[in-house]
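Visitor: What follows is a predicted protein model with its sequence.
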Amino acid sequence: MKPEDLERLLAVEMPFGKYKGRVIADLPGNYLNWFAREGFPKGEVGRLLALMHEIDHNGLSDLLLPLRRR
């Protein structure tokens, strides 16, 4: 993970599916868990989904609060 990845979680929108248009940082945990079970897509979106899953799963969502306040 690179520090700028946290900023990307708040900038990159989900490009497909039920939550299309929602930023990755705002995706619900159960949706992230589904990807963890079924497989993350390839590319940057998949990498960011996996990162957000780890953050959410480990209760570290507060890491994003300072970035949200900007």
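Guide: Received it, and whenever you're ready, just let me know what you need. Residues are numbered from 1 along each chain as shown.
Visitor: Which stretches in the protein count as helices?
Guide: Ranges of helices within the chain are 3-9, 29-38, 43-57, 65-68, based on DSSP state H.
Visitor: roughly how far is the shortest one from the heart of the chain?
Guide: Spelled out, that is helix 65-68. Relative to the mean C-alpha coordinate of its chain, helix 65-68 is positioned 14 Å out (Cα atoms, centre = their mean, to the nearest Å).
Visitor: Return the most buried member of the helices of the chain.
Guide: Most buried of these, by mean neighbour count (mean count of other Cβ atoms under 10 Å): helix 43-57, with a mean of 17. Any C-beta I mention is one placed from the backbone N, CA and C, and that applies to glycine too.
Visitor: For it, which helices and strands make contact with it?
Guide: helix 3-9, helix 29-38 (3 or more Cβ pairs under 8 Å, 6 or more residues apart in numbering; DSSP states H and E).
Visitor: remind me which residues of the protein are low pLDDT?
Guide: Under the criterion pLDDT under 70, no range of the chain is flagged.
Visitor: if we can go back for a sec, distance to residue 21 for the helices and strands packed on helix 43-57 - can I get that in CSV?
Guide: As requested, the helices and strands packed on helix 43-57 are exported to CSV (distance: least, Cβ to Cβ, whole Å):
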stretch, distance to residue 21
helix 3-9, 15
helix 29-38, 14
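Visitor: Tell me which of those helices sits nearest to residue 60.
Guide: Nearest to residue 60 among those is helix 3-9; the distance by Cβ to Cβ comes to 10.3 Å.
Visitor: Show me what the closest one packs onto, helices and strands only.
Guide: On a contact count with 3+ Cβ pairs under 8 Å, 6+ apart, helix 3-9 meets helix 43-57.
Visitor: out of the helices and strands packed on helix 43-57, nearest to residue 59?
Guide: Closest to residue 59 of the helices and strands packed on helix 43-57 is helix 29-38 (Cβ to Cβ; 10.2 Å).
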